[in-house]
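Engineer: no sequence on this one, just coordinates:
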C-alpha cells in the first residue's frame, strides 16, 4: 500500500516498508519482548530516543502485553545526512529507579551503531539492571562499531529512508510507510551526475 505516496511525487523513489509490513514487524517484536520478559518481576522501562522513534514506540507499546513504563532521551549524532562520529545527550533520563529497572531502548533506525552502543553502556554505567535495544530498521552495512540490536523489525540496504517517524530536514515523519528518499532531494548535485 502506498498511502500518501502520490502527494510526494518524485521525492520518494519507492516504498521500502508498507504500513501493513510495519504493523506485522511491530506485532512480531512485541511478541519477542513479551516472551523475553515472561515471569519478570522487575520494572521495565521502554526508552524512546527522540524524535524518530516516537511513532514506532507508540505502536509497539500498545502491542506489548508486559507492563512497561515509558520515558525518553534525546541525543544527536548527525549533522544533515552525515554522522558526526560523536554522541551528544541533549535530553537525559532523570530517574531514581534505574537500578531497579530493565531498560529497552527504542530507536527508529540503526546504521553506524555509535548511538545505541554509547547509550547502552551509558545506561549500564548509570545502574540499569539490564539494557536491551530495539529498532524498526537496521542498516548493518553502515556499522562502524561492533553492535547488534536485540530486536529488529527489518534489515534494510544502505538507502536514505523517510517516513513513519524518520525525517529529512524535519519533513516526511508523518508518512505511514517507510520510503526511500530521492537523491535529488538531499543531494541534488550528486543526483545530476548519476
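Structural biologist: Thanks, I have it. Here the structure is a predicted model, which means the values were calculated and not measured.
Engineer: Could you use CA atoms for every contact and neighbour count after this?
Structural biologist: Will do.
Engineer: Assess the claim that residue 51 and residue 76 are in contact.
Structural biologist: No. Residue 51 lies out of contact with residue 76 (Cα atoms under 8 Å); the separation is 10.2 Å.
Engineer: can you map out the helices along this structure?
Structural biologist: 19-37, 54-63, 114-125, 183-186, 188-193 (DSSP state H).
Engineer: Those: which one's closest to residue 176?
Structural biologist: helix 19-37 (5.7 Å; Cα to Cα).
Engineer: ok now the closest one, how far from the chain's centre?
Structural biologist: In terms of Cα atoms, centre = their mean, to the nearest Å, the centre of helix 19-37 is found 14 Å from the chain centre.
Engineer: returning to what we had before: can you add mean pLDDT and give the helices of the chain back as a markdown table?
Structural biologist: Below are those laid out as a markdown table (pLDDT from 0 to 100):
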| stretch | mean pLDDT |
| --- | --- |
| helix 19-37 | 98 |
| helix 54-63 | 98 |
| helix 114-125 | 94 |
| helix 183-186 | 88 |
| helix 188-193 | 67 |
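Engineer: mind putting those helices in CSV, distance to residue 148 included?
Structural biologist: Output for those, formatted as CSV (distance: least, Cα to Cα, whole Å):
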stretch, distance to residue 148
helix 19-37, 15
helix 54-63, 19
helix 114-125, 9
helix 183-186, 28
helix 188-193, 31
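Engineer: of all those, which lies closest to residue 166?
Structural biologist: Here helix 54-63 is closest among the helices of the chain (Cα to Cα), at 9.0 Å.
Engineer: For the closest one, name the packing helices and strands.
Structural biologist: helix 19-37, strand 43-50 (3 or more Cα pairs under 8 Å, 6 or more residues apart in numbering; DSSP states H and E).
Engineer: Many thanks, have a good one.
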